[in-house]
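S.K.: Sharing a sequence plus its predicted fold:
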Amino acid sequence: MLPIVPSPDLSGPDAPLRPVRHAARDPHTIFRRLHVSDRDGVLDHLLCLSPQDRRWRFGATTSDAGIRTYCDRLDWEGAIMLAPVHRGRVCGVAELRPAATAGFAVAPESWAEVALSVDAPCRSQGYGRELVRRLMISARNRSITTLAMNCHLDNGLILRLARHFGARLSIDHGDVEARFRLPGGNPLTFILELWDESEAMWIRPEALS
Ligand SMILES: CC(C)(COP(=O)(O)OP(=O)(O)OC[C@H]1O[C@@H](n2cnc3c(N)ncnc32)[C@H](O)[C@@H]1OP(=O)(O)O)[C@@H](O)C(=O)NCCC(=O)NCCS
């Protein structure tokens with residue numbers, strides 16, 4: 001028998017979890033979890049980022065060799081990696097690294113770090129927002145209560161995105177830490193994650209080719 005669950009209220013505090021409709025408009029783009037077999041796709045996406053984007057994404061000037069090393073060290077088991085995938089091509093990456101994976105010994109288990117980037121030609125279509133939305137749902141379903149995202153003061157788009165999801169911003173010498181406090185998961189967040197995951201499996205098979 002199905003358990004009785006509260007009816008989803010997407011007009012209340014969970015409003016930002018509502019799927020981004022315009023992000024899903026292109027039938028050949030899906031959002032899906034990435035796996036170790038996507039390593040080369042992630043690498044290609046990151047190598048296409050401009051020097052400025054790399055500074056914003058990694059917090060420092062990053063060479064091609066640095067990006068390769070970063071991809072070699074990705075923790076595919078411990079982190080959650082999501083991407084918009086257009087006709088099989090990875091055109092953005094969002095990464096959620098729980099405290100243990102991120103290597104911060106002092107951070108509590110319920111803490112995680114988020115970083116993301118989207119291919120320049122794919123920007124301003126809601127991809128960034130959709131990636132953060134999905135990561136927040138995944139985090140809530142794994143009892144993560146704090147998400148931290150390092151931004152730069154000049155990076156207006158990511159700051160706007162952070163504010164959209166109710167981040168608290170703290171500024172230190174031009175660096176901004178956006179911090180999201182998350183409520184626990186609930187039946188709605190479980191359903192939303194299942195729904196999001198199922199998109200890649202059977203809702204939009206045309207996006208795989
Ligand atoms: C930051 C980044 C991921 C945003 O990706 P995106 O797909 O363009 O983001 P979205 O389309 O979801 O837009 C995000 C917000 O900026 C707004 N926005 C997007 N393009 C805009 C534009 N040209 N002018 C004004 N606002 C714009 C959107 O309306 C949205 O705001 P909202 O949530 O209040 O509606 C992308 O710019 C990027 O990859 N930058 C380089 C790497 C980086 O800076 N990473 C962040 C540090 S971890």
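M.R.: On my side now, so go ahead.
S.K.: Next, Ser143: secondary structure please.
M.R.: coil (DSSP: H, G, I helix; E, B strand; the rest coil).
S.K.: mind checking how far it is from Leu135?
M.R.: The spacing between Ser143 and Leu135, counted by Cβ to Cβ, to the nearest Å, is 14 Å. Any C-beta I mention is one placed from the backbone N, CA and C, and that applies to glycine too.
S.K.: more neighbours, the two?
M.R.: Counted by other Cβ atoms under 10 Å, Ser143 and Leu135 do not tie: Leu135 has more neighbours, with 25 against 11.
S.K.: Apart from its chain neighbours, what residue comes closest to that one?
M.R.: Sequence neighbours aside, Leu96 is the residue nearest to Leu135 in space, at 4.8 Å (criterion: Cβ to Cβ, 6 or more residues apart in numbering).
S.K.: Tell me the helices and strands packed up against the helix or strand containing that neighbour.
M.R.: Secondary-structure assignment from DSSP states H and E places Leu96 in strand 92-98. Identification of packing neighbours for strand 92-98 by 3 or more Cβ pairs under 8 Å, 6 or more residues apart in numbering; DSSP states H and E yields helix 39-47, strand 80-86, strand 111-118, helix 127-141.
S.K.: where do the strands sit along this structure?
M.R.: For the chain, the strands defined by DSSP state E cover 29-33, 80-86, 89-90, 92-98, 111-118, 146-152, 168-172, 175-181.
S.K.: lowest-confidence helix or strand of the chain?
M.R.: Lowest on mean pLDDT, DSSP states H and E among the helices and strands of the chain sits helix 99-102, with a mean of 67.
S.K.: Relative to Asp40, how far out is the residue of the chain found nearest the ligand?
M.R.: For the chain and the ligand, the shortest gap (Cβ to the nearest ligand atom) falls at Gly128, measuring 2.7 Å. From Gly128 across to Asp40, the span is 22 Å (Cβ to Cβ).
S.K.: Need the residue closest to the centroid of this protein.
M.R.: In the chain, the residue lying closest to the centroid (Cα atoms, centre = their mean) is Ala94, at 3.5 Å.
S.K.: isn't that one right next to Pro84, touching?
M.R.: No - counting by Cβ atoms under 8 Å, Ala94 does not reach Pro84; the two are 9.1 Å apart.
S.K.: Quickly list what's touching both of the two.
M.R.: Residues touching both Ala94 and Pro84 (Cβ atoms under 8 Å, 6 or more residues apart in numbering): Leu131.
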